[in-house]
Every structure is written in structure tokens, then in C-alpha cells.
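> only the shape, not the letters, is given here:
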């Protein structure tokens with residue numbers, strides 16, 4: 001295993017991680033082909049996944065948009081056996097991934113607990129479906145132009161939710177006061193929802209959009225106002241790519257976003273190559289451990305929510321970026337052999 005690892009390209013990130021992977025025993029990531037019973041690490045990972053898999057209602061009540069992206073990705077991955085198998089192998093075999101995983105999952109578990117409590121609070125006061133709650137979250141996020149997780153007076157005024165002609169300062173202040181239960185001059189999503197059944201579904205006699213008859217109609221109004229301001233939801237951001245879908249060129253060093261997009265394109269290309277050459281058995285049970293990671297990566301690359309969550313982990317968590325570089329190089333070695 002040490003000799004195999006030393007033959008790989010020696011970028012600083014990969015060189016550092018080879019120190020971690022090279023000492024692994026014969027049953028390690030790169031070489032093992034023998035099935036083994038579920039380990040304590042595998043069971044722990046399964047428990048963590050189960051603890052943060054929530055429905056659309058509770059998910060909409062998680063304040064941080066990045067945490068919602070991670071939770072959607074976890075939920076999508078948890079129902080893909082091949083993806084879970086790949087995560088389990090990495091979690092079992094690479095200690096830094098276990099450490100990084102715990103650092104991510106602990107706050108997610110706390111957010112899920114808080115969301116469940118908020119869901120119970122809302123259910124005690126208003127009636128809504130999970131679909132209505134998800135629609136309200138989309139509307140709230142559009143109004144929340146800076147992505148802070150709360151709406152202030154200026155965002156409400158600029159959103160278009162109060163109609164094409166806006167509203168007077170007195171009307172805006174009155175509306176904020178009605179929605180702002182805790183008096184912090186910020187409207188949380190829970191406060192928004194508690195007011196929504198009364199504020200969003202009343203008729204608007206002036207014929208404007210106003211406090212819209214339907215959430216979908218309100219969402220359209222906010223989107224129109226956003227387009228007029230020319231923001232187009234800019235606070236979400238995105239990676240620069242070339243017309244072909246790969247990383248943007250013309251820069252001396254790629255950004256993490258560009259690196260991730262490059263790896264994603266490569267994994268999808270590997271999928272096409274495997275189909276053409278049939279170089280790897282179709283049944284995951286016939287594969288070695290790193291081949292199973294490759295197989296799970298290919299399956300995961302086809303799922304929008306998994307890809308978004310992995311992109312976030314790669315671009316926002318440097319330890320996981322280093323791990324991602326190593327795993328990508330190992331999978332590349334597998335493809336070279338097939």
C-alpha cells in the first residue's frame with residue numbers, strides 16, 4: 001500500500017494525506033476486497049444519518065441556508081445504498097474524515113432539534129401543510145436579500161411583497177410590529193409563518209400584489225422586484241465555469257469551486273467510460289473498497305442535492321477539501337487500471 005501510494009502525484013495536499021492513508025493495514029481503503037460485518041464506525045455513521053434526516057416541514061425551519069443544503073444532501077444520500085456504502089468506507093478507513101464528520105453533524109443535530117421544536121410551536125398556533133411551509137421558506141429566502149436568516153424593515157420594503165408601488169413608512173412599521181413578536185426589529189421565519197395565515201391570504205383591494213392572496217403569487221412578485229433590482233439572487237453565488245461545464249480557465253490557480261466542478265465532470269466522465277468498457281463489475285458486492293467508493297461517487301454525482309451538499313463541504317471545510325483531493329486521486333488510479 002505504501003509503494004502504491006508513493007507512486008501517486010505529490011501535490012502538497014495529497015502528500016500530507018498519504019501520511020494518514022499509507023500506514024493503513026491490509027484491510028484498508030485501497031486494497032481490501034473482503035466483505036466484513038458492520039463495524040462500530042459504520043453503525044455510528046448510520047445513527048448520525050438517521051438523526052438528521054428530517055421532513056420538508058422541519059427542514060424549512062432550519063435558519064441557515066447552508067445547513068439546509070447539507071441536510072437535503074444527507075437526506076438524499078441516506079436513501080441511496082451505494083452512496084451510504086461509499087461514505088461508510090471512507091468513514092471507517094480515514095480517521096480525519098470521522099473527525100470532520102463529527103464537527104459537521106453535531107451542529108446539524110442541534111439544528112434539527114431546534115427545527116422540530118419550532119415545528120411543534122407552529123403547529124400549536126396555525127394549520128399548514130409541509131408544502132405550504134416549504135413555499136413560505138422559498139418566499140422568505142427571496143425577501144431575505146442578505147441571506148442572514150431574518151428579514152429587516154428595508155428588505156421587506158425592497159422585496160416587492162408590499163405591492164408594485166411599495167407602501168408608506170407608517171404601513172411598513174405597522175407590518176413589522178405585527179410580525180416581530182420578540183421586539184428585535186428582525187422578522188424570523190417562525191414569526192413570518194405565524195403571521196402568514198393572516199397576512200398572506202387576505203384580499204388586496206387596490207389590485208396590486210400587496211399581501212398576496214397566495215404564497216406562489218407573493219413569490220412571483222418578489223422575484224419580479226428582484227429582477228428589476230438586477231440582483232437575480234446574487235447572494236447565493238456560484239462557481240465560474242467554462243461553456244463546456246468544466247472549471248474556468250485563464251487563472252493561475254483554480255478556486256475550490258472550480259476544482260470541485262472539475263472533479264464532478266471527471267466522475268461523470270468515468271461513469272460513461274465504465275459503461276463503454278464495462279471495466280468494473282456492475283454489482284457493488286463484487287468490488288474492492290476503493291472501487292465501491294468510486295461506484296458510490298458515480299451514483300451520488302447524479303443527484304442534485306448530494307452534489308450541492310458535497311460542493312458546500314468541499315468549498316467551505318478545508319479538511320474535507322484535502323480529503324476530497326486524496327479520494328479523487330485514488331479513484332483516478334482505479335480508472336487508470338480499468
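Received it, and whenever you're ready, just let me know what you need. The shown structure was predicted, so the numbers you read here are calculated from the model rather than taken from an experiment.
> which helices and strands sit right next to the helix or strand hosting residue 71?
Per DSSP states H and E, residue 71 falls inside helix 65-78. If you count contacts as 3 or more CB pairs under 8 Å, 6 or more residues apart in numbering; DSSP states H and E, helix 65-78 packs onto helix 40-52, helix 56-60, helix 81-93, helix 95-125, helix 304-316. Any C-beta I mention is one placed from the backbone N, CA and C, and that applies to glycine too.
> quick one, which of the ones you listed is nearest to residue 271?
Among these, the nearest to residue 271 by CB to CB is helix 81-93 (12.2 Å).
> in the closest one, what counts as buried?
82, 83, 84, 85, 86, 87, 88, 89, 90, 91, 92, 93 (16 or more other CB atoms under 10 Å).
> repeat that for stretch 169-184.
172, 175, 176, 179, 180.
> shouldn't residue 335 be within a helix?
Yes. Assessed by DSSP: H, G, I helix; E, B strand; the rest coil, residue 335 belongs to a helix.
> which ones are touching it?
270, 273, 294 (CB atoms under 8 Å, 6 or more residues apart in numbering).
> any idea which of those residues the model trusts least?
Minimum pLDDT across the contacts of residue 335 is recorded for residue 273, with 87.
> could you dump the buried residues of helix 81-93 to TSV with pLDDT and distance to residue 288?
Output for those, formatted as TSV (pLDDT from 0 to 100; distance: CB to CB, whole Å):
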residue	pLDDT	distance to residue 288
82	95	14
83	96	17
84	96	18
85	95	12
86	95	12
87	95	17
88	96	14
89	95	10
90	93	14
91	94	17
92	94	14
93	92	12
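> out of the residues you listed, who's nearest residue 307?
residue 83 (11.2 Å).
> the closest one against residue 77, yeah?
Yes. The pair residue 83 / residue 77 is scored as a contact, 4.6 Å apart, by CB atoms under 8 Å.
> tell me, what's touching these two both at once?
By CB under 8 Å, 6+ apart, residue 83 and residue 77 have these common neighbours: 300, 303, 306.
> what's the closest of those to residue 120?
For the shared contacts of residue 83 and residue 77, the nearest to residue 120 is residue 306 (29.2 Å; CB to CB).
> residues contacting the closest one?
73, 76, 77, 80, 83, 300.
> same question for residue 116.
54, 58.
> could you report the pLDDT at residue 69?
For residue 69, the model assigns a pLDDT of 95.
> ok, now the one 10 residues further on?
The predicted structure scores residue 79 at 96 on the pLDDT scale.
> residue 46 too?
95.
> flag the shaky bits of the stretch 201-338 of the chain, pLDDT-wise.
Where the stretch 201-338 of the chain drops to pLDDT under 70, the residues are 201-219, 221-222, 225-253, 278-287, 338.
> redo the helices and strands packed on helix 65-78 as TSV? Include distance to residue 333.
As requested, the helices and strands packed on helix 65-78 are exported to TSV (distance: least, CB to CB, whole Å):
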stretch	distance to residue 333
helix 40-52	24
helix 56-60	38
helix 81-93	16
helix 95-125	19
helix 304-316	20
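> quick one: which of these is nearest residue 154?
Of these, nearest to residue 154 by CB to CB is helix 56-60, at 23.9 Å.
> contacts for the closest one, please.
68, 71-72, 75, 112, 115-116, 119, 130-131, 133-134, 136-137, 189.
> okay, buried residues for that helix please.
In helix 56-60, counting by 16+ other CB under 10 Å, buried: 57, 58, 59, 60.
> didn't residue 296 look like it was pressed against residue 88?
No. With contact defined as CB under 8 Å, residue 296 and residue 88 do not form a contacting pair (9.0 Å).
> which one is residue 50 nearest to, not counting chain neighbours?
residue 78 (7.4 Å; CB to CB, 6 or more residues apart in numbering).
> relative to residue 303, how far out is the one you found?
11 Å (CB to CB, to the nearest Å).
> same question, residue 152
For residue 152 relative to residue 303 (CB to CB), the value is 35 Å.
> likewise residue 63?
25 Å.
> same thing with residue 265?
16 Å.
> same question for residue 289.
22 Å.
> cool, residue 147 as well?
With CB to CB as the criterion, residue 147 and residue 303 are 24 Å apart.
> quick one: name whatever helix or strand follows the helix or strand hosting residue 269.
Taking DSSP H and E as the definition, one finds residue 269 inside helix 256-277. Downstream of helix 256-277, the first helix or strand assigned by DSSP H and E is helix 289-300.
> list the helices and strands that next one packs on?
helix 81-93, helix 256-277, helix 304-316, helix 318-337.
> and with 6 Å instead?
helix 81-93, helix 256-277, helix 318-337 (3 or more CB pairs under 6 Å, 6 or more residues apart in numbering; DSSP states H and E).
> out of those helices, which one sits most buried?
helix 81-93 (a mean of 21; mean count of other CB atoms under 10 Å).
> if we can go back for a sec, out of residue 147 and residue 303, which sits in the busier spot?
Ranked by neighbour count (other CB atoms under 10 Å), residue 147 and residue 303 place residue 303 first, with 17 against 14.
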